[in-house]
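Peer 1: Take this sequence and fold it.
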Amino acid sequence: MTENRIRTIDDIRIELYDDNGMVDAYQGSGYHTVDEAIRNAFDGVRSEMNIEDYVFKVINLTTGTSARYRINAGGNVKILPEM
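Peer 2: Residues are numbered from 1 along each chain as shown. As a prediction, the model looks like this:
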């Protein structure tokens, strides 16, 4: 998942992580971009933390691909290297 593009028919799972581990997970379809999927998942989090404080693992269940992302201070989605 090296591009910021997914198909609307793809089944996407977004896992949200903070310093303590996984906080929540969302699954759905209809997203056009990784950015859209991440922001939609973050909207469901009840937290005092900012979106920049999370790491998002985006898993395309349709294609079997995944990648980790973070939102930088400028509000842009940045892919993180695999661990």
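Peer 1: How about the secondary structure of the residue lying closest to residue 62 once chain neighbours are set aside?
Peer 2: Spatially, and ignoring its direct neighbours in sequence, residue 62 is nearest to residue 10 (4.3 Å; C-beta to C-beta, 6 or more residues apart in numbering). Where you see a C-beta, it was placed from the backbone N, CA and C, and this is true even at glycine. Following DSSP: H, G, I helix; E, B strand; the rest coil, we place residue 10 in the coil state.
Peer 1: quick one, phi psi at residue 10?
Peer 2: When read as degrees, to the nearest 10, the backbone of residue 10 gives phi -70, psi 140.
Peer 1: ok, it - how many residues close by?
Peer 2: 16 (other C-beta atoms under 10 Å).
Peer 1: next one: residue 58
Peer 2: Considering only other C-beta under 10 Å, residue 58 is surrounded by 24 other residues.
Peer 1: which SS class is it?
Peer 2: State at residue 58, reduced to three classes by three-state DSSP: strand.
Peer 1: same question, residue 45
Peer 2: Applying three-state DSSP: residue 45 is coil.
Peer 1: can you tell me which residues contact it?
Peer 2: 16, 23-24, 54 (C-beta atoms under 8 Å, 6 or more residues apart in numbering).
Peer 1: For those, name the two members farthest from one another.
Peer 2: 24 and 54 (9.5 Å; C-beta to C-beta).
Peer 1: who has more neighbours, these two?
Peer 2: The neighbour comparison of residue 24 against residue 54 (other C-beta under 10 Å) goes to residue 54, with 22 against 16.
Peer 1: Give me the nearest residue to that one, chain neighbours excluded.
Peer 2: Setting aside the residues directly before and after it, residue 54 is nearest to residue 16 in space (C-beta to C-beta, 6+ apart), at 5.2 Å.
Peer 1: any idea where the strands of the chain begin and end?
Peer 2: 12-18, 21-28, 55-60, 65-71, 77-80 (DSSP state E).
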